[in-house]
Structures are given as structure tokens and as C-alpha cells.
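A.B. asks: need a structure here:
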Amino acid sequence: MRTSNLNTGGAPAPAGALSHLPPPPARLERPALFLDMDGVLAPLAATPDAVVPDARRTAVLRRLAERLDGRVAILSGRTIAEIDRIAESAAASASGVHGLERRRADGSLDHAPAAAGVRDAVAAFEAFASDRPGMIVEDKAVSAGLHFRGAPTEAAAAKALAHTLAAETGLALQAGNLVVELKTPGTDKGTALKAFMKEPPFAGAIPVMLGDDLTDEDGFRAAADLGGFGVLVGPARPTAARFALPDVAAVLSWLDAVEARP
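C.D. replies: Below is the predicted model:
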């Protein structure tokens, strides 16, 4: 584990604290920023396709990438195609479907092959959702997602189905914010972050991961392992993050203020 000389602006709260964490400093020593999409760069919406491009977000990301010499990556549960749609291709580096897709800064792509059970999971989710209004099934080829934001009373049944399918198919169960996902095993946002950190332009920098969901905890831990830190966005909860920001608007303001020390 590498030790950094971050200007922390005070001692961070211990990992796992429920109390409010301090905001992150805006002046950092050669940072590399890893950003979740939903709940961090974009507000949560009732359906995945309701999240649309935003001129301010796009401008902030483009300015940030220029300021940090390209050391900006979006790590999301969405596919890279969806990341590009929402961010208007403002980030050259991106990882989708919790690390199962990864695009390097030079444009080269890594795609994990889909596990055999994904098709079965998609079919089971679609059958489950067929008579439950408000449920949404996402087929990402390498994973199957079941969103119950529009049918919160079905949360327990959706989770129970996902646990059963995970046991039957060997797929990895990924719980999220009002969604359950069954994915090809082997990657997460932490493995994606560490892979980026071995390559230009990220190598030798200090990683900072911004996330809001349980799926981002792997990224927080990976950043800490490499001498950086996590930033939890949204309500306080037990977390491996060392700092916090309240909402998407605060994230965009902080990103626009980030200054890299030489």
C-alpha cells in the first residue's frame, strides 16, 4: 500500500462510520478520478433511460479531463454505450457493467464473455416482471438486472428470486439501489479501478473514487489500497469512504473546483 501526501483538510472519520464525513479537499496531489454515473454524475431516475445528457455535466467532465491530463474514468453498472450516451462521450476511459466492460484511454476495449446463466436469468426476470407493473428488466448481455424502483412493494420478492437464481446459475448477485443484478462473475468496480491504475494516463497517480451505492464500496476499498480514498455521495451510511458530498450538484461543483498539485 502506497502512502500519499493528500491535503485532507483534517483527519477523516473512520471507515464504516455512520456520522457525516467531511467533504473532500479540492486541491489534490496528482489525482486520478473514478466516477460512478447514477446518483453521482446524474440524479437517480424512475427508469434507466430517463437519465439524459446534461450540458453542465458534459462541460465539467471535459474541463476536468483536460485539467488532469485525461486521468478521469466513469465506472458504472451501465454499459459503456449508455455511459457515452449520458456523458456525451466526455470520458475517454470508462468501465461498464461493474467491470465486465472496460475501455482504455487509447480506445481499446475489454469485454468479458457472458456466463451461460445470464440468458436464464433474463428469462426468469422477464417472467417475474410480466404481471408486476413498474418492474423493469435490463438485459446487458453479460448481466441481467431487475429494477423495482417503480414497484417497491415487490422488493422482497425480487431479492428472493435473485438469490435463488444466483444459487442455480452460479452468477454473481450484485445488489444496488432498488435493483438486483445477476452478472458474470469475476469483476467489480474495484478490479476495474486497479486495472486502470496500471495503465497510462493513470499509472503513478493517486486514485479517488466517487460513488453512492453499495456497488461502489469495492471502488472505495481499491482506491484506499492504492493510497487514495473514496467519497460517498448522498445519505450517511456505513462505508469505506473517507469523505462525503451530499448530492449530484455538490459533486459537479467539487469536480469543477478540483485542482491538481504537481
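
A.B. asks: What segments of the stretch 151-262 of the chain are strands?
C.D. replies: With strands called from DSSP state E, counting those that start in this stretch, the stretch 151-262 of the chain shows them at 172-176, 179-183, 206-211, 229-233, 243-245, 259-261.

A.B. asks: Describe which strands the fifth one pairs with in its sheet and in which direction.
C.D. replies: Just to be clear, that refers to strand 243-245. strand 229-233 (parallel) (DSSP bridges).

A.B. asks: Surely Asp216 and Met209 touch.
C.D. replies: Yes - applying CB atoms under 8 Å, one finds Asp216 in contact with Met209, separated by 6.7 Å. Every residue, glycine included, has its C-beta placed from N, CA and C.

A.B. asks: What is the neighbour count of Asp188?
C.D. replies: 23 (other CB atoms under 10 Å).

A.B. asks: I'd like the numbering to begin with 34 instead of 1 from here.
C.D. replies: Got it, first residue is 34 now, which makes that one Asp221.

A.B. asks: who touches it in this structure?
C.D. replies: 131-132, 207, 248, 251-252 (CB atoms under 8 Å, 6 or more residues apart in numbering).

A.B. asks: Can you tell me how far Ala65 is from Phe262?
C.D. replies: 12 Å (CB to CB, to the nearest Å).

A.B. asks: what about the chain, any weak spots by pLDDT?
C.D. replies: Applying pLDDT under 70 to the chain picks out residues 34-52.

A.B. asks: Spit out the residues that contact Asp249 and Met242 alike.
C.D. replies: Contacts common to Asp249 and Met242, judged by CB under 8 Å, 6+ apart, are 108, 222, 263.
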